[in-house]
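[1] following is a predicted model, sequence given first.
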Amino acid sequence: MFLQIHNWLLPRFAATAIFRAAIVLLITSAPLAFGQKEGLQKDTAHGFIGGDACKTCHADVWLKFYKNPHFKSVASGKETPEHTGCEGCHGPGAAHVAAHGGKSTIVAFSQLEPKQILDNCLRCHGETLARANIRHSSHTENGVACTSCHSIHKSPTPKFLLAGAQAEMCYGCHADVRAQFSMPFKHRVNEGVMVCTDCHNPHGAFQPTWRNGERPHMMQQALNNEEPCLKCHEEKRGPFVFEHPPVRVEGCEACHSPHGSPNSRLLRRPVVFTMCLECHNGAPGFGRTGQGDPQPVSFHNLRSPLFQNCTNCHSHIHGSNVNAFFLK
Amino acid sequence: MRRRMKPAFLALLMLGSASAQQTVAPTPEPVGPARGDNTAEYNVVNSFELGYRWNSIGGNEDAYDSQVNYSSGVRLLGSSLTVNSRDGHGRFFDEIVLTTQGLGNDPYESATLRVEKNQLYRFDMNWRLNDYVNPGLVSGGQSSGNLRDTRYTSQDDDLTLFPQSKVKFFLGYSRSVQDGPEFTNVGGFIAAPILTSTLDTTGLPEVRDARNEYRIGNEFQILGFKVNWMRGWEDFKEDSRVIPQSDTGAPLPAQLANPYHGTSPYWRVALFTDKKWFSLNGRFTYTGTRRAFVSQQSGFLGGAPIGGGLQVVTLGTGQRPAATGNLTFSVFPTSKLTITNSTAVYNVRTEGNSEFFQLNGDTGGIQTVPFQYLGIRTLSNQTDLNYQAFKWLSFFGGYHYSDRLIRVVLDPSLPVFSQTSILNAGVFGVRIRPVQGVTVVLDGEVGRANQPFTPKSDGNYQALGARVQYKHKSLLLSANAQSSYNNNSTTLTAYSSHSRTYSANASWTPLRWLSFNADYSKLHLDTLGGLSFFDNGDLTSGESLYISNLQTGNLGLRFVLGKRVDFYAGYTHVQDTGDGRSNPTGTGFGTTIPEFQAAQTFPLRFLSPMGRLSVKLTNRVRWNVGYQYYGYHEDFFTGQSFLPDQAYRAQTGYTSVLFSF
């Protein structure tokens, strides 16, 4: 009578209907995938002459173009001329051929403004979820164009047509970030087990929801629009019956430097008690009750090494289900 | 044309490899024919690097494991395989891309796979492993208070059906596992807030977390909008156990188990459109996370003031439903003007229950421990304008408003605490291109929040930045300066943080056989904070001033000897000069307590030179050898009685054969 799907009890007829609908949708979408309208490779009325003419002079590009993701537009044989092969990006080639070359007779990306490059690429790549915020991203505002990071014809990377190793591309402008990843303690980007886009979306992201909704920008948000840290550190996600409020309210950066730090566990201070006491000083106006973050009680003799590492005892500092003081 | 393009392509490759690579292996040099081998309807390019790593460590090996962690042994240092159909009409696939790194026993291993058939499917897999060692935070003259030696593995699998179609389907599965020993304090109290008995011991639990995520989704177009939806379930379980140990390391007849299981079913819907005059996109999510937990402690505990057996059980559930929404609307009145308005809503609440059950020789019973409710609702709106006045001059600016409400219930018998923080912030900037290849960007942000949550939170803040970049062919020069200031001082205490960062970078490939990269960064940080603490039972108040002057430099040089030999040399130097004092308790600010003076600055030095030689034996075989040194030294804490010596010196190296067949 009922079908259990992941703790959901559905009436069997409803489950059957959903299943059939999915099958029908799958089948009916197939023609959309394969049966796109027949386009013309040549549209001489608008100056499109097809890619064959390009091979004569640009043989070096053409010979390896079948490895390029853009070759799909040629292989399908069904795209319209303005979305096919060389002319898909560089525009009609008739004038270029008639003039025997020249950057003024064709769309040459080296001559375009960043916004023009963006517009050109977004003709095909615009309506993609990962690039939905690109037009108002920090990169776009700062004049970083698609070709600043992507090399369409000379990419040395096997995926995404990057102009170099991803981290090196980012370090080129963000030298301060390279310095952070050179610290003794850091996330393993230089070691190759992580990449910048694990946490960031270089094409722009939605506003952050942690802190007061302000910086940092360009973050690749995780489930719940949370900080991307929780994609890997899911044991910190909770929910916990006793939350350490700054974790939820301010985010991980309240205590950690995510790129790298001279301090163990990417902490912002070398010795733990100073970091904790900067908030837990009872200063009025702060904390969840507005009465100040609670001070350590009297038996915490901060001269004693035992109490200088707060997480010795408050070991579940990100949140606990059994102890309001995060002792376990 | 072809003859001209080849050197340029090689230069690009060299530029990438010259950029200061931080680890000496794997070898980035290419091997085999550049265009690969043609077999039937496919083209194949592959390479494998098989080698042996070695190391020699002096000093604190725990610190080395935490910061570097490479060990000796045979490794498949790296491999790459690409298979492409030559006409885009392969029978079962048109592209395979497989890359691996560090397989064998490196602490950092990864593998990626892509298999794609044009128009029909695309499958992506990403697997990685990270051995994580941390000797913990210094305390009490012990080498560790929280040793952790865990292994984290994760894998993401994503299948897209009809990837080039207007209707796509998505299936995905992700799994991550973390396991390994953790040396930790079991807890200062057995069952606070009901303070029953003290437990001053440590334990060696076996951390075991696992996450499984399943997702299914679809993308289609309707009324000019592309709609993308995803339904997913993320299951999480933690089954860590603790076996407490006595001071001598012997297991005590006690144990602590904390099973913690739950699921996070979620919906995510996104819609977007990009037209000539405007673009609109939105993302809406709902996640109903719930967790169930049990915590059980039992045994005869040494040091506890209870003579008989003891069992403490705490159980319950926690829930956190979260709803979020983002909507962004951009208009393009002219080709030079973009106006964007973004609205974000975030609503989350955390609640649950917790029941406490205790048995010992004299007492027993059930008691409910009240959970602490935490609810956050944030509504923010931002309007930005980007205007290109001339080809060489652009302006951007914006206004940001945010309203955050926090509601807290510490105990059902207490009133609800609520607070609202309003943030008003303005951003502004100018982008100048005075000549071809030169870009200058000046930007700033000034904001004020009327109710910052913690003294460290953004309150009255301002951030200013400047960046200059020059790019000409293979030469790239850039320089950055950033300043950030935050002040949250109140009538009773002061908090202000001031950071200034300066960085510069240069990379150049002047000749086909020569390239180099150099960068330098300086971070100055001073933070003044109010402290209040107990010093031998006496409440003491004062101020602390933490100062860091952190300088980092990277240098990389690559050159080619003849047609066969590639040489790379790199150097990394990190140094924190602190506040300039010569001993840890010399001239501390605001306090005369030596322990606090010593914590106000942390001078250290970390350096790592390296060199790599790669010799092309044949067109398909290279032989490589490399060496990298790591040195770490803490100026003040080394040799101090109250903190352990974490300095180490490590010599590492490798030799390998890189081949293609």
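    Great, that's in hand.

[2] hey, where'd the strands end up in the stretch 451-600 of chain B?
    In the stretch 451-600 of chain B, the strands defined using DSSP state E, counting those that start in this stretch lie at B:460-472, B:475-487, B:495-511, B:514-535, B:538-561, B:565-576.

[3] could those strands be laid out in JSON lines, adding mean neighbour count, distance to chain A and mean pLDDT?
    No exception for glycine: its C-beta is placed from N, CA and C like everyone else's. Supplementary listing: those in JSON lines, determined by neighbours: other Cβ atoms under 10 Å in any protein chain shown; distance: least, Cβ to the nearest Cβ, whole Å; pLDDT from 0 to 100:
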{"stretch": "strand B:460-472", "mean neighbour count": "17", "distance to chain A": "7", "mean pLDDT": "94"}
{"stretch": "strand B:475-487", "mean neighbour count": "17", "distance to chain A": "6", "mean pLDDT": "93"}
{"stretch": "strand B:495-511", "mean neighbour count": "19", "distance to chain A": "4", "mean pLDDT": "92"}
{"stretch": "strand B:514-535", "mean neighbour count": "20", "distance to chain A": "3", "mean pLDDT": "89"}
{"stretch": "strand B:538-561", "mean neighbour count": "18", "distance to chain A": "4", "mean pLDDT": "89"}
{"stretch": "strand B:565-576", "mean neighbour count": "19", "distance to chain A": "5", "mean pLDDT": "95"}
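
[4] for those, give me TSV that also has distance to A:Ser155.
    Shown next, in TSV, are the strands of the stretch 451-600 of chain B (distance: least, Cβ to Cβ, whole Å):
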stretch	distance to A:Ser155
strand B:460-472	18
strand B:475-487	18
strand B:495-511	17
strand B:514-535	18
strand B:538-561	20
strand B:565-576	21
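
[5] of those, which is nearest B:His633?
    Smallest distance to B:His633 across the strands of the stretch 451-600 of chain B (Cβ to Cβ): 9.7 Å, for strand B:565-576.

[6] okay, now the sheet partners of that closest one, with direction.
    strand B:538-561 (antiparallel), strand B:604-618 (antiparallel) (DSSP bridges).

[7] how far away is the nearest residue to B:Asn583 once chain neighbours are set aside from B:Thr577?
    Leaving aside its sequence neighbours, B:Asn583 sits nearest to B:Phe636 (Cβ to Cβ, 6 or more residues apart in numbering or on different chains; 7.1 Å). Plainly put, B:Phe636 is 12 Å away from B:Thr577 if you go by Cβ to Cβ, to the nearest Å.

[8] shared neighbours of the two, anything?
    B:Pro603 (Cβ atoms under 8 Å, 6 or more residues apart in numbering or on different chains).

[9] isn't B:Ser478 right up against B:Ala466?
    No. Look at B:Ser478 against B:Ala466 with Cβ atoms under 8 Å: they stay out of range, at 11.3 Å.

[10] of B:Phe636 and B:Thr577, who's got more company?
    For B:Phe636 and B:Thr577, the more surrounded residue by other Cβ atoms under 10 Å in any protein chain shown is B:Phe636, and the numbers stand at 21 against 17.

[11] secondary structure class of that one, three-state.
    Look at B:Phe636: counting by DSSP: H, G, I helix; E, B strand; the rest coil, its state is coil.

[12] looks like it contacts B:Ala598 (just checking).
    Yes. With the criterion set as Cβ under 8 Å, B:Phe636 and B:Ala598 qualify as a contacting pair; they are 6.3 Å apart.

[13] pull up the overlap in contacts between these two.
    Common contacts of B:Phe636 and B:Ala598 (Cβ under 8 Å, 6+ apart): B:Pro584.
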